[in-house]
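Q: Just the structure for this:
(one chain, ligands or ions: 1)
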Amino acid sequence: MSQHPTVKLDFERHTPQEMHDQAEHLFDALRKRRTVRTFSSAPIPMDVVRRAIHTAGQSPSGANKQPWTFALITDPGVKAQIREAAEAEERSFYAGRASQEWLDDLAHLGTDANKPFLTEAPALIVVFAQSRAPDGGKHYYVKESVGIACGVLLAALHMCGLATLTHTPSPMGFLQELLERPDNERAYMIIPVGYPAEGTTVPDIDRKPLEDILVEFAPS
Ligand code: IYR
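A: Here you go, the predicted model:
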């Protein structure tokens, strides 16, 4: 007998038709998710955002340590401070820290050191990764765990009708200081959330076809 407590798995079997329909529905929905860089300042339902964060918190993590903290910022003064510090880092990135190859790879996105979305989006979620537990206990696979939670969060917000952007000014040390996070936390990603501004355009890019991302090993 196992020594650890268990509960019965809550798992629903779907019919093959339901499975197929759901797979198509998710593909169609998620292929439409695009990174948005121009946000309306219109208010968004914050209970939806909090629920999406709670959904992200259901993600798997190393030893179930759940090594994440989500800072939700709607205060215009704090957003302005984040923008100012992020733009300072980005100016040094674009003016020399980035290699020419990196800048060339970014050229088609049209990004630069100006980050108006950090003040225009009604909400910013700063995701922090906890290198250790607050009591000093060990955490495992922190980057993998927090990456999964961010993916779930982006998908949840998108499925709820909210646009997002994954922003990673580098380095992000200023966020730990500005948001007064403890020493075991490091900023992992900033996710501005809102409705796209009227007339928003996005780069005309493709996603790789399945053949380019899948290798199969099936019985012959
Ligand atoms: N952090 C910079 C640069 C940047 C880097 C990558 I990789 C991108 O996909 C997009 C931007 C910025 O936010 O402008």
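Q: In contact with whatever residue of the chain ends up closest to the ligand, which residues?
A: Nearest residue of the chain to the ligand, counting by Cβ to the nearest ligand atom: Thr111, 4.0 Å away. C-beta coordinates here come from the backbone N, C-alpha and C atoms, glycine included. Residues near Thr111 by Cβ atoms under 8 Å, 6 or more residues apart in numbering: Arg37.
Q: Quick check: which element contains the most centrally placed residue in the chain?
A: In the chain, the centroid-proximal residue (Cα atoms, centre = their mean) is Cys150; its distance is 3.9 Å. Using DSSP states H and E, Cys150 sits in helix 142-159.
Q: Give me the helices and strands touching the next helix or strand after that helix, please.
A: Following helix 142-159 in sequence order, the next helix or strand is strand 163-164 (DSSP H and E). Helices and strands touching strand 163-164, by 3 or more Cβ pairs under 8 Å, 6 or more residues apart in numbering; DSSP states H and E, are helix 142-159, strand 185-194.
Q: Quick check: which of these has the most neighbours on average?
A: strand 185-194 (a mean of 23; mean count of other Cβ atoms under 10 Å).
Q: and the angle for that one with helix 142-159?
A: 10 degrees (axes from the mean of the first three to the mean of the last three Cα atoms, to 10 degrees).
Q: if I read this right, Arg91 contacts Ala113, doesn't it?
A: Yes - Arg91 is within contact range of Ala113, at 4.4 Å (criterion: Cβ atoms under 8 Å).
Q: Just the pLDDT for the closest residue to Glu198 other than its chain neighbours.
A: Setting aside the residues directly before and after it, Glu198 is nearest to Ser40 in space (Cβ to Cβ, 6 or more residues apart in numbering), at 6.9 Å. Note on Ser40: pLDDT of 98.
Q: Give me the number of neighbouring residues for Ser40.
A: For Ser40, the neighbour count with other Cβ atoms under 10 Å is 17.
Q: ditto for His108
A: Here the number of neighbours of His108 (other Cβ under 10 Å) works out to 10.
Q: Quick check: phi and psi at it.
A: phi -70, psi -10 (degrees, to the nearest 10).
Q: all numbers from here: first residue = 21
A: Understood, numbering begins at 21; the last thing we discussed is His128.
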